[in-house]
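**Student:** Just the structure for this:
(one chain, ligands or ions: 1)
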Amino acid sequence: MAYQLSAENEARVKEIVTHYPESMSAILPAMHIVMAESGWVSVDACDYVAELLGVPKIRVYEALTFYTYFPQKPVGKYHIQFCQNIACTLREGENLIQQLKDKHGIKEDEITHNGLFCLHRVECLGACGNAPVMQVNDDYYEDLTPEKLDELIEGWKKSAGNGNA
Ligand code: FES
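**Tutor:** Numbering: from 1, shown residues only. Model (predicted):
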């Protein structure tokens, strides 16, 4: 089925386009609206945005594939993007990724059975001074330690009312 934003959000995109001299400039704001409504950005959604803005589809695909911020598949309620770049790796980031997998059953590129978590490796999140760093949805978690990571994961499980991943 073809992708379609809600009427309200489609109107928001049409309004946002009026802020720019060229509709191409509204691609990212439009994709943010798709993300907020759907939680991820499908190829169908890209085609829809391209048509809505009157821009070539390739321009929207380029944005989708350049920014890891836009997941191309459905994600868990807590979308964990763990930095795998040099500063985070030097400060035990790899061990923390392993901890997510071994202790919490959160596997890379998969959504946990309860739909709560998914884990993706990403390149530098631009917060190297506070490595190791992960982004969960729109928030950064910095200076992570094994204890801090456990506390965060357990807190999210509790707030979702589910102790198991
Ligand atoms: S290396 Fe991890 S935030 Fe830059």
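
**Student:** Now do the same contact list for Y3.
**Tutor:** Shown in contact with Y3 (C-beta atoms under 8 Å, 6 or more residues apart in numbering): S42, D44, A45, D47, Y48. All C-beta atoms are positioned from the backbone trio N, CA, C, and that covers glycine.

**Student:** How about the secondary structure of R121?
**Tutor:** strand (DSSP: H, G, I helix; E, B strand; the rest coil).

**Student:** coming back round to it: only whichever of the contacts of Y3 are buried, select them in ChimeraX.
**Tutor:** To isolate in ChimeraX the members of the contacts of Y3 that are buried, counting by 16 or more other C-beta atoms under 10 Å, one can use:
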select :42,45,48
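
**Student:** Now, the contacts of Y3 that are in strands?
**Tutor:** If you go by DSSP state E, the contacts of Y3 have nothing in strands.

**Student:** As JSON lines, the contacts of Y3 with pLDDT and distance to the ligand would be great.
**Tutor:** Shown next, in JSON lines, are the contacts of Y3 (pLDDT from 0 to 100; distance: C-beta to the nearest ligand atom, whole Å):
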{"residue": "S42", "pLDDT": "95", "distance to the ligand": "28"}
{"residue": "D44", "pLDDT": "96", "distance to the ligand": "32"}
{"residue": "A45", "pLDDT": "97", "distance to the ligand": "28"}
{"residue": "D47", "pLDDT": "97", "distance to the ligand": "33"}
{"residue": "Y48", "pLDDT": "97", "distance to the ligand": "33"}
